[in-house]
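Asker: With the sequence up front, the predicted model follows.
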Amino acid sequence: MLYLIEQCLNGIQLGMLLFLLAAGLTLIFGIMDLVNLAHGSLYMLGAYFAATFAAVTDSFLAGIGLALLATLVAGMALEVIAIRPLYGRDHLDHVLGTFGLLLFFNELVRLIWGPAGLTLSLPPEMLTAVQILPGVYYPLYRLIIILATFAVALLLYALVMRTRIGMLIRAGASNREMVGALGINIKLLYTLVFGLGAALAGFAGMMQAPLSFVQIGMGENILILAFVVIIIGGIGSIRGAFVAAIIIGIIDTIGRAFLPDLMRTFMSYSAGSSAGPALSSMLIYTLMAAVLVFRPEGLFPAARR
Amino acid sequence: MADALLEIEDLSKRFGGVVASDAIALAVPQGELHAIIGPNGAGKTTLISQLAGEIAPDAGRIRFAGRDITGLPIFRRSQLGLARSFQITSLFLDFAAIENVALAVQAHAGHSFHFWRAARSQSELRTPARAALARVGLAGRADVVVSNLSHGEHRQLEIAMALATTPSILLLDEPMAGMGPEESARMVKTLRELKRELTILLIEHDMEAVFALADRITVLVYGRIIASGTPEAIRANAEVRQAYLGEQEQRHG
Amino acid sequence: MSGRLSPRNAFVAGVIAILALVPVYAEATGNTFMMSLFTRIVILAIAAVSLNLIMGFGGMVSFGHAVYLGIGGYAVGILAKEGVNSGLLQWPLAVAASALFALTVGALSLRTRGVYFIMITLAFAQMVYYVAIGLDRYGGDDGMTIYKRSQFGGLIDLSNKTAFYYLCLALLLATIYIVWRLVHSRFGMVIQGARSNERRMRAIGFPTYRYKLLGFVFAGMLCGLAGALLANHTDFISPALMHWTRSGDLIVMAVLGGMGTVFGPVIGAVALLVLEELLSGITEYWQIILGPLFLLVVLFARGGIDGLLSGVRRG
């Protein structure tokens, strides 16, 4: 039972990270009408920056802070250099172009940091567990992730619901004239929004880094999940993305935790160990398939554009 | 009273707080050219979109040739004889004009699960396509890629494509939008000829054209019909003048 | 086609001629590596051409097309492991399994559009990838060796590398011809029209969904056949066959070679794999050039190599 609670919380934690990625994608798509396959690369860069800066400064927090800054700058630079020519083109061009960037970043990372990957260790203070319920202990760091990402989610909500820029997102404005009519410098806005999306992705990457790994290609797997989140939650809907992210996070985590054992009762040990994770991945895709069949616009579709 | 070809009953649609269609009721008999006019934002295009099947109404029914088509998908309505043109031109830009129209012909020439014979060499598709182009005056431009045609030619092509689907009714959404006086006059002439054999529902801002062509006119303001009748009756209607015609006359001098 | 031989058509003829002569050259010089490389090129060209049917002509960018290489390959591999070695059973089953999967995935995915379609095809492909990893009996993550190639009785011996190469080349030429006919038929017009302006297609009366779905199935079937060939070529199958990066390779081939023509992807397959061989000899980080190069192609030479040859800038 305690194990179940722990896994549920882990699921929520994964869900929150997925939400950060999905929200970043939705932001960029909503304002600039741009599809960005290299979003996962920014997730990866965030993790690599954090690991590097933490090692150099010998401080976890400094590492995170510097990495956030670096990812923001990298995102903005990327926008100015490579993303701008893509605006206004059809989505296929976006996908192809950013796919090229994805290949580039994977190789760049390999060139700079080598193929082996890095580690990002937590400072000793964060390695404790916290009592969240009588007799129930949960790792402090994972709790921090949940709270931190939730705070970011609230900030995003405020941004989307309470500001002019947020109004643009909700209106699905990819219309430069309308944006300009509101007295906003379009080029700067786009660069900042892209940077924000990049920072969100990078933040998710560096938060996740101490728990799992920092390696090439880490962005792609989670990017697919982020898109599944958007599809299940409803295209263009931040609220939908939030709910869907939590659901998927929990399903994925609980599936990975319990399915292998369940499988092993039916089949051989090694077969069960292989089939378990495969099945839990399949669960999510099956859910996505079900949504597509019964409710193709998603669980919480955004208001019609 | 003969059954109207197109009957709209109590059609209503809102988008959030905005009422786009407010219990619209209209009957268009066969052979009539019925014009819908009204200020911008009156819900005219929304009406056409609901008739064509792109938007589902919140309430109300649409009957075509006696048959309830309210729930039918877009392509099915086209197959039944409903053709529409788009307010903002929607063509196959990378294809030649003749290929655009030939596609419209092909859509109504049985199923397209034919995988071997080259479509471009099939005269049963090309010949009606050329005929439709000729009707709107584009015969000489048949082999030009659509992205190289002028705006006025795009509007003509829209009509040709609608015609090629051998419809019983044409839903035309501002066919003369953005046209100069010469092109508009040519379009009016085309529509006058088409009037003889087709029922037409016409949305237009060009008042000269409307009064020259329409058998009856309906005025839409904020999604509601405020008047419907013969052109003379509409011209004389005080409420209409106030809401719409007055400003139109001022603008067109 | 005009009677005059344009530069582009001469180039195409030249490529086909080179492909036809590879075994002759390989035999003469004893260069078996070249045979192996070009067999792989020809097989992947089949896959790329099949992808382009739906991508270039249909506007359906599938980021999970390599899954059919896997399905076709695993059909051959699994049957071989279970003692069924007849190619006449394996290959039709490979194609049928691909058709079934394409039908299912297509039916679901085609309810979405644009980038969501792309990501969903990717998601389903990854799903099969994970399933394959979970197939302990058939090698799981490590993959499985195929000890006996598909048997065709006295008709052809696939262990004969030259015979196998010419079979693959013949199938490539057949694929090109079939796709060419499909694209220009009434069916092809619907697919192309749906790519150009789907809203308009529906407005004139086409139930576009069913045609796109069928196109999706055709593409899957052809790629499944390529998968069966690939499994025979490498005598090995593994989940890596259908990793999303393989799907990415196919997309790069189609775009680089030229999405606007049936033959374009063949050029792309040759270009990409030959480039890969040449550049990896110079530096192991050659992919760092490929990424930005690809972006430049997308921005400025959208019609790919084939497009450049024909003087066309956009695909």
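Answerer: Here it is on my side, so go on. Residues are numbered from 1 along each chain as shown, chains lettered A, B, ... in the order given.
Asker: Now the residue in the stretch 51-200 of chain A that chain C sits nearest to. Nearest residue, chain neighbours left out?
Answerer: Of the stretch 51-200 of chain A, the residue with the smallest distance to chain C, taken as C-beta to the nearest C-beta, is A:Phe104 at 2.9 Å. Heads up, the C-betas are built off the backbone N, CA and C, glycines and all. Excluding the flanking residues, the one nearest A:Phe104 by C-beta to C-beta, 6 or more residues apart in numbering or on different chains is C:Gly291, at 2.9 Å.
Asker: hang on, that neighbour packs against A:Leu103?
Answerer: Yes - assessed by C-beta atoms under 8 Å, C:Gly291 is found in contact with A:Leu103 at 3.8 Å.
Asker: Between these two, which is the more surrounded one?
Answerer: Neighbour count, other C-beta atoms under 10 Å in any protein chain shown: between C:Gly291 and A:Leu103, A:Leu103 has more, with 25 against 22.
Asker: pLDDT at the more buried one, what is it?
Answerer: A:Leu103 carries a pLDDT score of 89 in this model.
Asker: Correct me if wrong: it contacts C:Leu295.
Answerer: No - using C-beta under 8 Å, A:Leu103 is not in contact with C:Leu295, being 9.2 Å away.
Asker: Against which helices or strands is the particular helix or strand that has C:Ala170 in it packed?
Answerer: Here C:Ala170, judged by DSSP states H and E, is contained in helix C:161-184. Under the contact criterion of 3 or more C-beta pairs under 8 Å, 6 or more residues apart in numbering or on different chains; DSSP states H and E, helix C:161-184 touches helix C:7-29, helix C:32-55, helix C:186-203, helix C:208-234.
Asker: Now do the contacts for the residue positioned nearest the centre of chain C.
Answerer: Taking C-alpha atoms, centre = their mean as the criterion, C:Ala47 is the residue nearest the geometric centre of chain C, at 1.0 Å. Listed by C-beta atoms under 8 Å, 6 or more residues apart in numbering or on different chains, the contact set of C:Ala47 reads C:65-66, C:68-69, C:222-223, C:226-227, C:250.
Asker: tell me the domain ranges of chain B?
Answerer: Annotated domains of chain B cover B:1-81+B:168-253, B:94-166 [automatic domain parsing].
Asker: so the host helix or strand of the residue of the stretch 51-200 of chain A closest to chain C versus helix C:32-55, what angle?
Answerer: Using DSSP H and E, A:Phe104 sits within helix A:91-113. Here the directions of helix A:91-113 and helix C:32-55 differ by 140 degrees (axes from the mean of the first three to the mean of the last three C-alpha atoms, to 10 degrees).
Asker: got a list of contacts for the next helix-or-strand element following helix A:91-113?
Answerer: Following helix A:91-113 in sequence order, the next helix or strand is strand A:129-133 (DSSP H and E). Residues outside strand A:129-133 that contact it (C-beta under 8 Å, 6+ apart) are A:5, A:9, A:137-140, A:143.
Asker: For chain B, what's the nearest residue on chain C?
Answerer: Counting by C-beta to the nearest C-beta, chain C gets nearest chain B through C:Gly205, at 3.5 Å.
Asker: List, one by one, the residues from the stretch 101-250 of chain C near chain B.
Answerer: With C-beta under 8 Å from any C-beta of the partner chain as the criterion, the stretch 101-250 of chain C comes near chain B at residues C:181-182, C:184-190, C:192-193, C:196-197, C:199-208, C:211, C:214.
Asker: burial measure for the spatially closest residue to B:Ala23 that is not a sequence neighbour, as a count.
Answerer: Leaving aside its sequence neighbours, B:Ala23 sits nearest to B:Asp10 (C-beta to C-beta, 6+ apart; 5.0 Å). Using other C-beta under 10 Å, B:Asp10 has 13 other residues around it.
Asker: hang on, the residue of chain C closest to chain B in a helix?
Answerer: No - going by DSSP: H, G, I helix; E, B strand; the rest coil, the assignment for C:Gly205 is coil, not a helix.
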